[in-house]
Each structure stands twice: as C-alpha cells, then as structure tokens.
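no letters, just coordinates:
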C-alpha cells in the first residue's frame, strides 16, 4: 500500500496524505500532467474520471467529471495556481453545479509535492479547507478512504510503464 501517512490538522484546516512509490519524480509528474494518465487513477475505482480540459499552466482551468456506477456524472473544476515540474502543483478546486459550471462558493485548495530520494518518490497531497465544518464533513463522507483508494491505483500504472 503506497499511503504511508495521513495527517489531519484541524487548526491549519488541512489534511495531508503521503504516499511512496517506486518511481522517480518525473514519472509521477507525468501522472498529473498527462490527462489520459490522470484519468486512469484520479478518483475512486467505482467512479472513473474523464478530463475535458487539462493544461498545467498557471491560470489554466482543468475540467473533468467522474461517472458513478449508475451513470451519474459528478463534475469538477480546478484552477491552476502554481506549477513547478516535477515537484509542486497547487490548484484551487472550484465549486461547480451539476453540469460542471462554476458557481458561488469558496474553493478549496490542493497542493501536491513530489520529492525523490534513493530511487523512490514521495508524493504528498495536502487538501486545504475553507473552515472546520467543511473539513469535518468531508472527512465524515469518506475522503481519506477515497484518496487512499485513488493512490492505490498509481502503483499498477507505474509497473505498466516499466514493462
């Protein structure tokens, strides 16, 4: 299991999930930068992702949806805030309606950091929440389990790339 640590900091309103992979930083970065690769692991296995727009440049917007088991679509939108390949990505997660259009509501942020040492790479995904209530609700809805399942999907992709 790649997840090595989960840190919930209610004072800072963050949850950081750290995972370790048998890969270098460049390879992990490609899992973020290539939308076709991102589709293969982003989200829980029961909700495959489809990325419609995806460019990792500051100011760009990523739009996607996850398809549930009954065919329902759950839309998402990110605004790219910082990009430092292959080590850092910061995005703001926009609140969207049922059709994927941005709506009023405070975005939450996500910062991805990738560090490499001794042939392995560590990826930390830190989610920033707007307030304690939204953090508690997100955790109660199974966010930690969902992110763990999401990160569990990375290792097979890395293995396929080595073959």
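Happy to help now that I have it. Everything quoted here is computed from the prediction, not taken from an experiment.

and the closest residue to residue 13 other than its chain neighbours, how far from residue 54?
Distances taken as CB to CB, 6 or more residues apart in numbering put residue 129 closest to residue 13, at 4.4 Å, once the chain neighbours are dropped. Where C-beta positions appear, they are placed from N, C-alpha and C, glycine not excepted. Remark: distance between residue 129 and residue 54 (CB to CB, to the nearest Å) = 24 Å.

tally of neighbours for residue 83?
19 (other CB atoms under 10 Å).

run through the bridge partners of it.
residue 89 (DSSP bridges).

quick one: least confident helix or strand in this structure?
helix 154-162 (a mean of 76; mean pLDDT, DSSP states H and E).

related to what we said a few turns ago, does the residue nearest to residue 13 touch residue 11 like I think?
No: counting by CB atoms under 8 Å, residue 129 sits too far from residue 11 to count as a contact (11.5 Å).

who's more crowded, those two?
Between residue 129 and residue 11, counting by other CB under 10 Å, residue 129 is the more crowded of the two (21 against 6).

residue contacts, the more buried one?
13, 14, 15, 108, 135, 138 (CB atoms under 8 Å, 6 or more residues apart in numbering).

quickly check the residues you listed for the two that are furthest apart.
Pairwise distances across the contacts of residue 129 peak at 11.5 Å for 14 and 138 (criterion: CB to CB).

identify the contacts common to those two.
With CB under 8 Å, 6+ apart as the test, residue 14 and residue 138 both reach 127, 129.

count the neighbours of residue 81 for me.
Counted with other CB under 10 Å, residue 81 comes out at 15.

contacting residues around the closest residue to it other than its chain neighbours?
Counting by CB to CB, 6+ apart, residue 81 lies nearest to residue 90, which is 4.5 Å off, once chain neighbours are set aside. Residues counted as contacts of residue 90 (CB under 8 Å, 6+ apart) are 80, 81, 82, 109, 110, 111, 112.

can you tell me which one of the residues you listed sits lowest on pLDDT?
Lowest in pLDDT among the contacts of residue 90 is residue 109, which has 92.
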